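J.: Just to be clear, the model below is a prediction. Sequence and coordinates:
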Amino acid sequence: MSILVYRVSKSLGSLRILDRVSLYIPEFSLIALLGPSGSGKSSLLRIIAGLDNCDYGKIWLHGIDMTDVSTQYRRMSFVFQHYALFEHMTVYENISFGLQLRGFSSHRMKNEINDLLNCLRIADISSEYPTRLSGGQKQRVALARSLAIQPDFILLDEPSGALDGELRRHLSKWLKRYLQDNEITTIMVTHDQKEAILMADEIVILKDGRLLQQGKPKNLYDQPINFFVGSFLGLLIEIPKLEKFISLKNGQSQTTKNLKKFAFDPTWVKIFADQSMNKYQFFLRPYEFCIKSDIDLEGTLVQIRTIIYKRTFVQPDLFATSFSWNLTIPIGYQSLHNLHIKSFHQTLYIKPRLHVFLRAYPEQA
C-alpha cells in the first residue's frame, strides 16, 4: 500500500507550516521523517491521516486520491505523541476497542491482544487504567492499540520517545520486524537520528516546512545535499583552510610549501590543490579518518588535548599545532585500546582513509 504526497502546503495565518512537500512511500516500506522542531513533521502526519486539511496538494493512498476522504475510510492507524488513550478503559480494553468495532471474534481478539501485550512487555499491566501508567507504558499501549487492528498504513509520532536503554532497542528491533512481517506501510517521525538510520528504508529531511532530501539512510549519510542535512545526520569534521599566497619562493609557491608541511597524503593534496578552496568548506565523517600512534610520514601530527569517555564510544579532542586545527574524532573503545596511549604528551597521526567521499559545501554565512 503506497503513499503519495503531492505538493502539500499548509499555512497558519502568515506562518507557512508546509511548503509544497512531495514524497513517495513505496508499499510495505518504513520512512522516517527527520527535522528540527517546527519543521512540519507532525503537521504532515496529521494531513496524511486526514486529521487536518491542507491548503493545497493531494494525498494518494495505494493509487487512489484520498485528499477529501474521511479518516475512518483510510485504513490507517495513528500513534499520537501524547498517546490519546481512553482514560475510562483498562489497557486491555483500550487495545480491544478497535477490534470490537471491526467485529473480530473473541478468540481471535484475545490471541491478537495477548501477543501484543507480551511482545511489548505490558502484559503485567493489562488490567490497569491509563492514569496509573508511566509515559513509556502509555506509549506501548497506544502502539499496541494501533497495531491490533492490522491497518494498511500506520503513522508513528515518536513511537519510542518515552523509552530508555534496552527497552527502546528491543522495541525498535521488534517493531521493524513486525511491520515487515505484516506488510504495513509506515511513516515514523523521530528526533533520534540513530533510530531512523537503523530502522528506516528511507529517510526524509524537513526544514522550515520544506523537504530537503529523501533517500536511503546510507546515501543521505554519505552524500548529504547540503551542510544542514549532513550535520543533522551526524558529526561533520571540517578540513582546515590554508592561506594562498601569490608570491613564489625558490620557484615554489608558499601554498605548496605549507601543503607539504601539512601532509603528503594524496587526498589532502587533492583538496588543497583545488582552486575553489576559498569558496567551499570541506568535510569528512569521523569514520573516514585513520588514526595511528605509530609514526606515519603521510599523516598529520596531532596532540591529545582531552579524552571524553561516553557510554558506547570515546571522544579524543585533538590539536594539529602546525595549522591550529582543533578536531574531535569519536572512536570505539577497542580502537582507543589499539592506540596504546600512555599519556596526553603522546602524539598521534591522522589522515583520511582511502576512497573517502569529500563533502564540499558553499562557505556558511
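T.: Cool, got the structure. Numbers count the residues shown, from 1 in each chain.
J.: Surely Lys110 is within a helix?
T.: Yes: if the criterion is DSSP: H, G, I helix; E, B strand; the rest coil, then Lys110 is within a helix.
J.: okay, now it: neighbour count?
T.: Residues lying near Lys110 (other Cβ atoms under 10 Å) number 14. Placement of C-beta: from N, CA and C, glycine included.
J.: By mean pLDDT, flag the weakest helix or strand of the protein.
T.: Every helix and strand of the chain was ranked by mean pLDDT, DSSP states H and E. The lowest is strand 248-249, at a mean of 44.
J.: Settle this for me: Ile329 is touching Ala320, isn't it.
T.: No: the pair Ile329 / Ala320 is not scored as a contact, 11.8 Å apart, by Cβ atoms under 8 Å.
J.: higher neighbour count, those two?
T.: Taking neighbours as other Cβ under 10 Å, Ile329 and Ala320 compare with Ile329 leading, 22 against 17.
J.: Excluding covalently adjacent residues, which one is nearest to that one?
T.: Pro286 (4.9 Å; Cβ to Cβ, 6 or more residues apart in numbering).
J.: How about His170?
T.: Arg121 (7.6 Å).
J.: Give me the domain ranges for the protein.
T.: Per automatic domain parsing, the domain ranges recorded for the chain read 3-232, 237-362.
J.: weakest of those domains in terms of mean pLDDT?
T.: The weakest mean pLDDT among the domains of the chain belongs to domain 237-362, with a mean of 77.
J.: coming back round to it: now the common contact residues for Ile329 and Ala320.
T.: The contact sets of Ile329 and Ala320 overlap at Ile350 (Cβ atoms under 8 Å, 6 or more residues apart in numbering).
J.: circling back to that earlier point, tell me which of the domains of the chain sits most buried.
T.: domain 3-232 (a mean of 18; mean count of other Cβ atoms under 10 Å).
J.: that older thread, who's in contact with the residue nearest to Ile329?
T.: Contacts of Pro286 (Cβ under 8 Å, 6+ apart): Gly234, Leu235, Ile237, Ile329, Pro330, Ile331.
J.: and with 7 Å instead?
T.: Neighbour list for Pro286: Leu235, Ile237, Ile329, Pro330 [criterion: Cβ atoms under 7 Å, 6 or more residues apart in numbering].
J.: Now for the residues you listed: which two are most distant?
T.: Ile237 and Pro330 (10.0 Å; Cβ to Cβ).
J.: what about dumping the CA coordinates of the one helix or strand Ile205 maps to to CSV?
T.: Per DSSP states H and E, Ile205 falls inside strand 202-207. Only the C-alpha atoms of strand 202-207 are listed here, as CSV (Å, rounded to 0.1, in the frame of the first residue of the first chain):
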residue,chain,number,x,y,z
GLU,A,202,14.4,5.7,3.5
ILE,A,203,14.8,9.0,5.4
VAL,A,204,13.1,12.3,4.6
ILE,A,205,14.6,15.5,6.0
LEU,A,206,12.4,18.5,6.5
LYS,A,207,13.3,22.0,7.5
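J.: before we move on, the earlier item: sec struct for the residue nearest to His170, please.
T.: Here Arg121 is recorded as coil under three-state DSSP.
J.: and if you look at the one 10 residues further on?
T.: At Thr131, secondary structure determined by three-state DSSP is helix.
J.: which non-adjacent residue is nearest it?
T.: Per Cβ to Cβ, 6+ apart, closest to Thr131 is Glu87, 6.2 Å.
J.: what does Thr71 give?
T.: Among residues not flanking Thr71 along the chain, Gly50 sits closest, at 3.9 Å (Cβ to Cβ, 6+ apart).
J.: cool, Lys58 as well?
T.: Tyr6 (4.4 Å).
J.: Test my guess that that neighbour contacts Val21.
T.: No: Tyr6 lies out of contact with Val21 (Cβ atoms under 7 Å); the separation is 8.8 Å.
J.: pretty sure Gln213 is in a helix, no?
T.: No: Gln213: not assigned to a helix; according to three-state DSSP it is strand.
J.: any idea how far it is from Leu171?
T.: According to Cβ to Cβ, to the nearest Å, Gln213 and Leu171 sit 27 Å apart.
J.: now do Gly57
T.: For Gly57 relative to Leu171 (Cβ to Cβ), the value is 33 Å.
J.: do Tyr287 as well
T.: From Tyr287 to Leu171 the distance is 27 Å (Cβ to Cβ).
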